[in-house]
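J.: the sequence and its predicted three-dimensional model are supplied below.
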Protein chains: 2
Amino acid sequence: MIDRHLLEVKQSSLEVYRGNFLTAFQDTVELPDGTFATREYVVHPGAVMVVPIFQDEHGDTRLVLERQYRYPMGRTMLEFPAGKLSPGEVRFQCAQRELQEETGYSAKEWARAGLIHPVIAYSTEFIEIWFARHLVPGERHLDSGEFLDVLTATPKELMTWCFDGTITDAKTICGVWWLQNMLNGSWLPDWQPISAAACIKN
Amino acid sequence: MIDRHLLEVKQSSLEVYRGNFLTAFQDTVELPDGTFATREYVVHPGAVMVVPIFQDEHGDTRLVLERQYRYPMGRTMLEFPAGKLSPGEVRFQCAQRELQEETGYSAKEWARAGLIHPVIAYSTEFIEIWFARHLVPGERHLDSGEFLDVLTATPKELMTWCFDGTITDAKTICGVWWLQNMLNGSWLPDWQPISAAACIKN
């Protein structure tokens, strides 16, 4: 195996914290040189982010965004709609659910963009990114205790906000990367109706 | 204040775990509707990532990358050089130090790209992104217990790897976003020699 000289092998694992939301572990690993080290990390169920696209009354492309207070940041953040997987939930179902619950929109066509790992040093979290278009407005159903504003922006505004620090959320910047490459023709989304998108393998 | 209807106000804070690397807190907050909730999060010192650029013998642009085993992922990951701030360390010094320690390279010119937040739901972590050019090779000085390979790639290879899932590290995809916009002229880095870069405000 090509990466054998980099491999860390688990010797033991200890659950050091179990909260309502976070579970943390401290493992002992054997390093490639035969010495031992500890690795601390959070176990996360995984999440989905949606990049929702529509055309406004002038035919211009706009994106649906959220503004939400993020407590560890101590401020509100601009981000694409996203949410954690519920136990046993399929990722595409989570994408549909989060978009509808948080923004009210449902989408007729979907395309899987990719999967990112936001915290490779200390969390198992992944975020699968879906693009959604042909949006149909509806009612939001926020979870109890969930407060967020829904807004829209053009691709150009999004780019400006990533450059000037208005947007600093890494998953949202990754979404803007796929969006930019969709708009310049470097990425061709495989748009599917809901019934077919539900069959796309993770 | 425009975001008052989204604000969460700290009522109390409890340190629930202090490890060698991670410190976790569980806070009680008052929500905008006057109800209470808990927020669990990790406190992180912040980090720096470097996008190191050089021209190969054909004059083609190449980037310096690392391949490192990331234990929470259970595999090696391709990423730009990065590392945590040491106590009291200035971010630009951290960028210079991490590049040299992990790859051996020092750079004559630097440009600050931006700052990202990789984990807004449950960590205070930020990552400041610096671009580095006019690289001078030297010896690496890996920390004890640190194992990683250094490799190089073209911008086109990087793009392909982000699309096909070879690269899934969110901070690295964000770096590729700035790189792509540097190469297409949308982002003009403010290149500075080391002495001037050291004066750039965070």
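T.: Noted; the coordinates are in hand. Numbers count the residues shown, from 1 in each chain, chains lettered A, B, ... in the order given.
J.: and the spatially closest residue to residue A:166 that is not a sequence neighbour, how far is that from chain B?
T.: For residue A:166, the nearest residue in space outside its immediate sequence neighbours is residue A:78; the separation is 6.4 Å by Cβ to Cβ, 6 or more residues apart in numbering or on different chains. C-beta coordinates here come from the backbone N, C-alpha and C atoms, glycine included. Taking Cβ to the nearest Cβ, to the nearest Å as the measure, residue A:78 falls 10 Å from chain B.
J.: next, the contact list for residue A:78, please.
T.: Contacts for residue A:78 (Cβ atoms under 8 Å, 6 or more residues apart in numbering or on different chains) come out as A:65-67, A:161, A:166-167, A:169, A:172.
J.: what about the residue nearest the centre of chain A, which helix or strand?
T.: In chain A, the C-alpha nearest the mean C-alpha coordinate belongs to residue A:49, at 3.5 Å (Cα atoms, centre = their mean). Mapping residue A:49 onto the secondary structure by DSSP states H and E places it in strand A:47-55.
J.: chain B versus the residue at the greatest distance from the centre of chain A, what's the distance?
T.: No residue in chain A has its C-alpha farther from the mean C-alpha position than residue A:34, which lies at 36.6 Å (Cα atoms, centre = their mean). From residue A:34 across to chain B, the span is 11 Å (Cβ to the nearest Cβ).
J.: any weak-confidence spans in chain A?
T.: Residue ranges of chain A with pLDDT under 70: A:1, A:201-202.
J.: now do the helices in it.
T.: According to DSSP state H, chain A carries its helices in the segments A:91-103, A:155-164, A:170-183, A:194-197.
J.: what comes up buried for stretch A:52-62?
T.: Residues A:52-54, A:62 are the ones in stretch A:52-62 that count as buried (16 or more other Cβ atoms under 10 Å in any protein chain shown).
J.: out of those, which touch chain B?
T.: Contacts with chain B are made by none of these, judged by Cβ under 8 Å from any Cβ of the partner chain.
J.: let me know the closest of those residues to chain B.
T.: Among the buried residues of stretch A:52-62, residue A:53 lies closest to chain B (Cβ to the nearest Cβ), at 18.1 Å.
J.: so that closest one makes contact with residue A:113?
T.: No. Using Cβ atoms under 8 Å, residue A:53 is not in contact with residue A:113, being 11.6 Å away.
J.: contact partners for the nearest residue to residue A:18 once chain neighbours are set aside?
T.: Excluding the flanking residues, the one nearest residue A:18 by Cβ to Cβ, 6+ apart is residue A:24, at 7.9 Å. Residue A:24 makes contact with A:15-18, A:40-43, B:17, B:19, B:22, B:24, according to Cβ under 8 Å, 6+ apart.
J.: beta partners of residue A:52?
T.: On the basis of DSSP bridges, residue A:52 takes part in beta bridges with residue A:132.
J.: how much space between it and residue B:21?
T.: Between residue A:52 and residue B:21 the computed distance is 37 Å (Cβ to Cβ, to the nearest Å).
J.: how many other residues sit next to residue A:135?
T.: Counted with other Cβ atoms under 10 Å in any protein chain shown, residues neighbouring residue A:135 total 20.
J.: quick check: the gap between the residue lying closest to residue A:139 once chain neighbours are set aside and residue A:195.
T.: Across the structure, with Cβ to Cβ, 6+ apart as the measure, the residue nearest residue A:139 apart from its sequence neighbours is residue A:104 (5.3 Å). Using Cβ to Cβ, residue A:104 is found at 22 Å from residue A:195.
J.: with neighbour numbers in mind, choose between those two.
T.: Higher neighbour count among residue A:104 and residue A:195: residue A:104, with 17 against 7, using other Cβ under 10 Å.
J.: the more buried one: what's it in contact with?
T.: Applying Cβ under 8 Å, 6+ apart, the residues contacting residue A:104 are A:137-140, A:150.
J.: just residue A:65 next, same as before
T.: For residue A:65, the contacting residues are A:78-81, A:150-153, A:158, A:172, by Cβ under 8 Å, 6+ apart.
J.: run through the bridge partners of it.
T.: Residues in a beta bridge with residue A:65, per DSSP bridges, are residue A:151.
J.: report the separation between it and residue B:113.
T.: In this structure, residue A:65 and residue B:113 are separated by 22 Å, where distance is defined by Cβ to Cβ.
J.: how is chain A divided into domains?
T.: A:4-43, A:47-114+A:127-197 (automatic domain parsing).
J.: most tightly packed of those domains?
T.: The densest packing among the domains of chain A, expressed as mean neighbour count by mean count of other Cβ atoms under 10 Å in any protein chain shown, is seen in domain A:47-114+A:127-197 with a mean of 18.
J.: can you give me the end-to-end span of that one?
T.: 17 Å (Cα to Cα, to the nearest Å).
J.: off-centre distance for it?
T.: With Cα atoms, centre = their mean, to the nearest Å as the basis, the distance from the averaged C-alpha position of domain A:47-114+A:127-197 to the chain average is 9 Å.
J.: ditto for stretch A:24-37
T.: On the basis of Cα atoms, centre = their mean, stretch A:24-37 is displaced by 29 Å from the centre of the chain it belongs to.
J.: got the end-to-end distance for that stretch?
T.: Its start and end residues considered, stretch A:24-37 measures 17 Å (Cα to Cα).
J.: wait, what's in contact with the residue lying closest to residue A:93 once chain neighbours are set aside?
T.: Counting by Cβ to Cβ, 6+ apart, residue A:93 lies nearest to residue A:198, which is 7.5 Å off, once chain neighbours are set aside. Residues in contact with residue A:198 (Cβ under 8 Å, 6+ apart) are A:90, A:92-93.
J.: how near is residue A:198 to residue A:53?
T.: Distance of residue A:198 to residue A:53, computed by Cβ to Cβ: 19 Å.
J.: and for residue A:169?
T.: Distance, residue A:169 to residue A:53, by Cβ to Cβ: 18 Å.
J.: again, but for residue A:123
T.: When residue A:123 is compared with residue A:53 (using Cβ to Cβ), they lie 29 Å apart.
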